[in-house]
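Asks: structure, please.
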Amino acid sequence: MKKSVNILFFLLLIFCMSTAGFAQEKKVVPDSKTKPAVTRKDDQAVKKDGVPVVVEHVGNDVLGGTLALKLKENFRKSVLFQLADKSRKSVRIKISSRSEFTDRPEIGSVYAVIWTFAESGDVVPFYLAEEIGVVNFQNTESAAAELINKTDKIAGEYKYLFE
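Replies: As a prediction, the model looks like this:
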């Protein structure tokens with residue numbers, strides 16, 4: 001019995017010594033005088049990859065202008081597209097709109113959209129597709145979404161132009 005108590009005491013002593021050794025191990029504390037370097041992402045690294053598009057609006061009606069602005073806003077938010085300038089290779093979307101009734105412009109607008117592709121601003125663009133429609137205050141957002149969907153289909157169909 002005395003022998004088993006001595007062995008148990010010896011094991012307990014070894015266990016306590018090993019935990020004390022771990023507790024006394026010196027931990028590396030970062031120097032408060034040196035601060036880590038701030039890492040910033042470059043603008044080019046943040047640059048999103050997407051189909052470059054240029055949206056142009058021709059017309060003086062409020063609803064057609066609203067449609068063009070909604071379209072630009074949705075392209076800006078999208079990860080599939082990026083708004084570009086005319087100097088780059090891009091899909092050009094030209095929206096021409098007029099009031100449906102000149103006496104009551106708030107009722108609705110008629111619009112025509114033409115999709116083209118151009119290498120740069122100096123090159124004659126290639127025709128891709130067109131669409132006509134009517135827009136009012138209630139369907140401006142859905143009309144913009146429909147035009148974005150069609151732009152995505154057109155960009156997928158003609159993606160070889162960007163290679």
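Asks: spit out the contact partners of K70.
Replies: Applying CB atoms under 8 Å, 6 or more residues apart in numbering, one finds that K70 lies in contact with 140-141, 144. Heads up, the C-betas are built off the backbone N, CA and C, glycines and all.
Asks: mind listing the strands for this structure?
Replies: Ranges of strands in the chain, per DSSP state E, are 51-58, 81-83, 90-99, 109-118, 126-135.
Asks: how close does E73 sit to R88?
Replies: 20 Å (CB to CB, to the nearest Å).
Asks: next one: L67
Replies: 24 Å.
Asks: these two: which has the busier surroundings?
Replies: L67 (26 against 13; other CB atoms under 10 Å).
Asks: pretty sure that one contacts S97?
Replies: Yes: with contact defined as CB atoms under 8 Å, L67 reaches S97; the gap is 6.9 Å.
Asks: are any of the contacts of K70 buried, and if so which?
Replies: 140, 144 (16 or more other CB atoms under 10 Å).
Asks: least trustworthy helix or strand in this protein by mean pLDDT?
Replies: helix 43-46 (a mean of 42; mean pLDDT, DSSP states H and E).
Asks: how about a markdown table for the strands of the chain, with mean pLDDT and distance to I148 added?
Replies: Shown next, in a markdown table, are the strands of the chain (pLDDT from 0 to 100; distance: least, CB to CB, whole Å):
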| stretch | mean pLDDT | distance to I148 |
| --- | --- | --- |
| strand 51-58 | 94 | 9 |
| strand 81-83 | 91 | 8 |
| strand 90-99 | 94 | 10 |
| strand 109-118 | 95 | 11 |
| strand 126-135 | 95 | 12 |
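Asks: can you put those strands in CSV and add mean neighbour count?
Replies: Shown next, in CSV, are the strands of the chain (neighbours: other CB atoms under 10 Å):
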stretch, mean neighbour count
strand 51-58, 18
strand 81-83, 18
strand 90-99, 21
strand 109-118, 20
strand 126-135, 14
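Asks: was I right about V58 contacting S96?
Replies: Yes: under the contact definition of CB under 8 Å, V58 touches S96, with a separation of 4.7 Å.
Asks: which stretches of this protein have low pLDDT?
Replies: Along the chain, the parts satisfying pLDDT under 70 run over 2, 5, 8-13, 15-48.
Asks: quick one: stretch 86-97 to chain centroid distance?
Replies: Once both centres are worked out by CA atoms, centre = their mean, to the nearest Å, stretch 86-97 turns out to sit 19 Å from its chain's centre.
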